[in-house]
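Chemist: got a structure for you, letters missing:
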């Protein structure tokens, strides 16, 4: 009897009208249709550009002489050259210092501001908007502010402060080896935390109140609750912000280009790359530097993932 029922069901399924391909995969077709444009855009401007850039890094491509001598493959000679180029290592040192300082400052201040704002009973949105405002200021405006504060003349704001406090003579901040990079870092150190703050604030708001209610039964110390509840549960957010900080730090260009051009004390790796590509027109060598930088960021990201794999969970 059971076998007859199964045969009857199979017969009905075989005789049932088959759905067309478009009806069967309607949702998938709609999804891929919506994704088609960004995927094509990504393919043209990233994948194709990535492949062409790597191909250029294996050549002696120079914009000034390409029509005369053409473009010749020299394979890995550009990579050998950059490892012996002192400007590459100087740029890498500057980029590393900038990255570490901004990572500590932006994440520390961002987390602090997020915690303080979350503790308020009223006016949270107002404080978030006010502290996010520096992000909306253009690089040109922030550059002018930095240059105004660190003017080398006696009426420069920092020179006035240093004279009043320590009796020091006016300092050429951007020309001095010991103060040039420091002068560039102060403004983004104190005002560059806005985006990190927003990410931390969203992470804190996503922590269930049940954890805090349970912790309040054990202790009334806000510091203990912060250390043992907030920080561990924010681990995925901290991990994300650290990766973003590394990427942002190593690709820094604006302050060096707008305030201290051609200054070896503040020349980041990306700024050196920019000069090789668009000032000296050495596209092949600049492409090799770009892939060297890409490899550094990739290695750092992979190492961070390995270190945090057992500690961080996104579930």
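Modeler: Looks like it came in fine. All of these numbers come straight from a predicted model, not from anything done at the bench. Numbering: from 1, shown residues only.

Chemist: mind listing what residue 145 touches?
Modeler: Going by CB atoms under 8 Å, 6 or more residues apart in numbering, residue 145 touches residue 187. Every C-beta, even on glycine, is put in place using the N, C-alpha and C of the backbone.

Chemist: then residue 186?
Modeler: The contact partners of residue 186, by CB under 8 Å, 6+ apart, come to residue 146.

Chemist: and it, what element?
Modeler: Residue 186 belongs to helix 180-191 when assigned by DSSP states H and E.

Chemist: that helix: how far from the chain's middle?
Modeler: Its chain's C-alpha centre and that of helix 180-191 lie 17 Å apart, by CA atoms, centre = their mean, to the nearest Å.

Chemist: same question for stretch 294-306.
Modeler: The chain centre lies 13 Å from the centre of stretch 294-306; the measure is CA atoms, centre = their mean.

Chemist: now that stretch: buried residues?
Modeler: Buried residues in stretch 294-306, counted by 16 or more other CB atoms under 10 Å: 296, 297, 300.

Chemist: right, and the helix or strand after the longest helix anywhere in the chain?
Modeler: In the chain, ranked by residue count with DSSP state H as the criterion, the top helix is helix 86-119. Sequence order places helix 124-136 as the next helix or strand after helix 86-119, per DSSP H and E.

Chemist: just to revisit the earlier point, and the helix holding residue 186 with helix 86-119, angle?
Modeler: Going by axes from the mean of the first three to the mean of the last three CA atoms, to 10 degrees, helix 180-191 is angled at 20 degrees with respect to helix 86-119.

Chemist: quick one on the thing from earlier: quick one: average confidence on the longest helix of the chain?
Modeler: Computed over helix 86-119, the mean pLDDT rounds to 95.

Chemist: same question, stretch 255-275
Modeler: On average, the pLDDT along stretch 255-275 is 93.

Chemist: from the chain's centre, how far out does that stretch sit?
Modeler: How far stretch 255-275 lies from its chain's middle: 18 Å, per CA atoms, centre = their mean.

Chemist: could you give me the buried positions within it?
Modeler: Of the residues in stretch 255-275, 255-260, 263, 265-275 count as buried by neighbour count, 16+ other CB under 10 Å.

Chemist: low-confidence ranges in the chain?
Modeler: Where the chain drops to pLDDT under 70, the residues are 1-22, 24, 309-315.

Chemist: what about 80?
Modeler: 1-26, 67, 307-315 (pLDDT under 80).

Chemist: what does stretch 204-223 contact?
Modeler: By CB under 8 Å, 6+ apart, stretch 204-223 touches 114, 115, 118, 224, 225, 228, 229, 230, 233, 234.

Chemist: apply 10 Å and report the result again.
Modeler: 111, 114-115, 117-119, 124, 224-230, 232-234, 236-237 (CB atoms under 10 Å, 6 or more residues apart in numbering).

Chemist: please pick the buried ones from those.
Modeler: Those of those that meet the buried threshold are 111, 114, 115, 117, 225, 229, 230, 234, 236, 237, by 16+ other CB under 10 Å.

Chemist: isn't the first one up against residue 242?
Modeler: No - in terms of CB atoms under 10 Å, residue 111 does not count as a neighbour of residue 242; the distance is 11.5 Å.

Chemist: so what sits against both of these two?
Modeler: The contact lists of residue 111 and residue 242 share residue 196, where a contact means CB under 10 Å, 6+ apart.
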